[in-house]
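Q: Using only what follows, build the 3D model:
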Amino acid sequence: QVQLAESGGGLAQAGGSLRLSCAASGRTFSSYVMGWFRQAPGKDREFVATISGNGINTFYAASVKGRFTVSRDNGKNTVFLQMNSLKPEDTAAYYCAAGGEYSGRARAYDYWGQGTQVTVST
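A: Below is the predicted model:
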(Lines give C-alpha, C1' and ligand atoms only; values in the text may rest on other atoms or scores of the structure.)
Protein backbone atom coordinates (compact mmCIF):
# COMPACT_ATOMS: atom_id res chain seq x y z
CA GLN A 1 0.00 0.00 0.00
CA VAL A 2 1.28 3.43 -0.96
CA GLN A 3 -0.20 6.72 0.15
CA LEU A 4 0.49 9.81 -1.92
CA ALA A 5 0.09 13.46 -1.01
CA GLU A 6 0.57 16.29 -3.50
CA SER A 7 1.48 19.85 -2.61
CA GLY A 8 2.68 23.00 -4.30
CA GLY A 9 -0.34 23.94 -6.35
CA GLY A 10 -1.71 27.43 -6.45
CA LEU A 11 -2.21 30.45 -8.63
CA ALA A 12 0.37 31.51 -11.20
CA GLN A 13 0.46 34.01 -14.02
CA ALA A 14 0.91 32.92 -17.60
CA GLY A 15 4.61 32.51 -18.25
CA GLY A 16 5.29 31.78 -14.60
CA SER A 17 6.40 28.66 -12.78
CA LEU A 18 5.22 26.29 -10.09
CA ARG A 19 6.80 23.21 -8.56
CA LEU A 20 4.57 20.38 -7.45
CA SER A 21 5.69 17.76 -4.96
CA CYS A 22 4.26 14.36 -4.20
CA ALA A 23 5.30 12.66 -0.98
CA ALA A 24 4.88 8.91 -0.74
CA SER A 25 4.62 6.62 2.23
CA GLY A 26 6.25 3.20 2.39
CA ARG A 27 9.74 1.79 2.06
CA THR A 28 9.56 0.62 -1.56
CA PHE A 29 9.15 3.97 -3.28
CA SER A 30 12.02 3.36 -5.69
CA SER A 31 10.27 0.28 -7.06
CA TYR A 32 7.36 2.35 -8.36
CA VAL A 33 6.99 4.17 -11.62
CA MET A 34 5.56 7.58 -10.80
CA GLY A 35 3.23 9.51 -13.02
CA TRP A 36 1.61 12.92 -13.11
CA PHE A 37 -1.84 13.42 -14.55
CA ARG A 38 -4.20 16.37 -14.66
CA GLN A 39 -7.91 16.96 -15.02
CA ALA A 40 -9.57 20.19 -15.99
CA PRO A 41 -13.26 20.83 -15.27
CA GLY A 42 -15.45 19.00 -17.75
CA LYS A 43 -12.52 17.14 -19.28
CA ASP A 44 -11.08 13.67 -18.94
CA ARG A 45 -8.01 13.01 -16.88
CA GLU A 46 -4.93 13.31 -19.07
CA PHE A 47 -1.37 12.13 -18.83
CA VAL A 48 1.32 14.72 -18.11
CA ALA A 49 4.60 12.95 -17.33
CA THR A 50 6.09 9.75 -15.98
CA ILE A 51 9.40 8.74 -14.48
CA SER A 52 10.92 5.33 -13.94
CA GLY A 53 11.79 3.99 -10.51
CA ASN A 54 15.47 4.84 -10.81
CA GLY A 55 14.72 8.26 -12.26
CA ILE A 56 16.65 7.64 -15.47
CA ASN A 57 13.74 7.41 -17.89
CA THR A 58 11.12 10.11 -18.33
CA PHE A 59 8.32 10.66 -20.81
CA TYR A 60 6.08 13.66 -21.36
CA ALA A 61 2.85 14.55 -23.03
CA ALA A 62 3.41 16.62 -26.14
CA SER A 63 1.51 19.52 -24.61
CA VAL A 64 4.05 19.95 -21.79
CA LYS A 65 7.29 18.68 -23.30
CA GLY A 66 10.01 21.29 -23.03
CA ARG A 67 8.13 23.21 -20.33
CA PHE A 68 7.63 20.63 -17.55
CA THR A 69 10.26 18.46 -15.89
CA VAL A 70 9.59 15.42 -13.74
CA SER A 71 12.18 14.25 -11.20
CA ARG A 72 12.34 12.19 -8.05
CA ASP A 73 14.32 11.87 -4.85
CA ASN A 74 14.09 8.26 -3.74
CA GLY A 75 15.88 9.05 -0.50
CA LYS A 76 13.00 11.37 0.41
CA ASN A 77 10.19 9.32 -1.18
CA THR A 78 9.21 12.33 -3.25
CA VAL A 79 8.50 13.04 -6.90
CA PHE A 80 8.45 16.53 -8.35
CA LEU A 81 6.92 18.28 -11.32
CA GLN A 82 8.63 21.54 -12.24
CA MET A 83 6.27 23.55 -14.44
CA ASN A 84 7.69 26.49 -16.37
CA SER A 85 6.23 28.77 -19.02
CA LEU A 86 2.77 28.07 -17.69
CA LYS A 87 -0.23 28.64 -19.91
CA PRO A 88 -3.90 29.16 -18.99
CA GLU A 89 -4.64 25.77 -20.55
CA ASP A 90 -2.45 24.16 -17.88
CA THR A 91 -5.17 25.00 -15.35
CA ALA A 92 -6.31 21.72 -13.79
CA ALA A 93 -6.18 19.52 -10.74
CA TYR A 94 -2.87 17.69 -10.82
CA TYR A 95 -2.54 14.16 -9.49
CA CYS A 96 0.48 11.99 -8.83
CA ALA A 97 0.20 8.25 -9.17
CA ALA A 98 2.32 5.18 -8.46
CA GLY A 99 2.40 1.96 -10.42
CA GLY A 100 4.49 -0.88 -11.72
CA GLU A 101 4.37 -0.10 -15.43
CA TYR A 102 6.17 2.68 -17.25
CA SER A 103 3.15 4.04 -19.07
CA GLY A 104 1.10 7.08 -19.96
CA ARG A 105 -2.14 5.19 -19.33
CA ALA A 106 -3.97 5.97 -16.11
CA ARG A 107 -4.98 2.30 -15.76
CA ALA A 108 -1.31 1.36 -15.29
CA TYR A 109 -1.20 3.16 -11.96
CA ASP A 110 -2.48 1.58 -8.77
CA TYR A 111 -2.24 4.39 -6.24
CA TRP A 112 -3.34 8.00 -6.55
CA GLY A 113 -3.04 11.16 -4.53
CA GLN A 114 -5.92 13.48 -3.78
CA GLY A 115 -4.75 16.14 -6.21
CA THR A 116 -3.59 19.73 -6.02
CA GLN A 117 -5.15 22.61 -7.95
CA VAL A 118 -3.11 24.67 -10.39
CA THR A 119 -4.67 27.81 -11.81
CA VAL A 120 -2.91 29.89 -14.44
CA SER A 121 -4.22 33.38 -15.11
CA THR A 122 -3.69 35.49 -18.21
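
Q: okay, now the residue nearest to Thr116 when sequence neighbours are not counted: neighbour count?
A: Once flanking residues are discounted, Thr116 sits nearest to Gly9: 3.4 Å by Cβ to Cβ, 6 or more residues apart in numbering. Where you see a C-beta, it was placed from the backbone N, CA and C, and this is true even at glycine. Counted by other Cβ atoms under 10 Å, the residues lying close to Gly9 total 19.

Q: pretty sure Gln117 is in a strand, no?
A: Yes. Judged by DSSP: H, G, I helix; E, B strand; the rest coil, Gln117 forms part of a strand.

Q: who's in contact with the residue lying closest to it once chain neighbours are set aside?
A: Of all residues not flanking Gln117 in the chain, Gly9 sits nearest, at 4.9 Å (Cβ to Cβ, 6+ apart). Taking Cβ atoms under 8 Å, 6 or more residues apart in numbering as the contact definition, Gly9 lies against Leu18, Leu20, Tyr94, Thr116, Gln117, Val118.

Q: Next one: the nearest residue to the last one once chain neighbours are set aside from Asp90, what distance?
A: Beyond its immediate neighbours in the sequence, the residue positioned closest to Val118 (Cβ to Cβ, 6+ apart) is Gly9, lying 4.8 Å away. Here Gly9 is placed at a distance of 11 Å from Asp90 (Cβ to Cβ, to the nearest Å).
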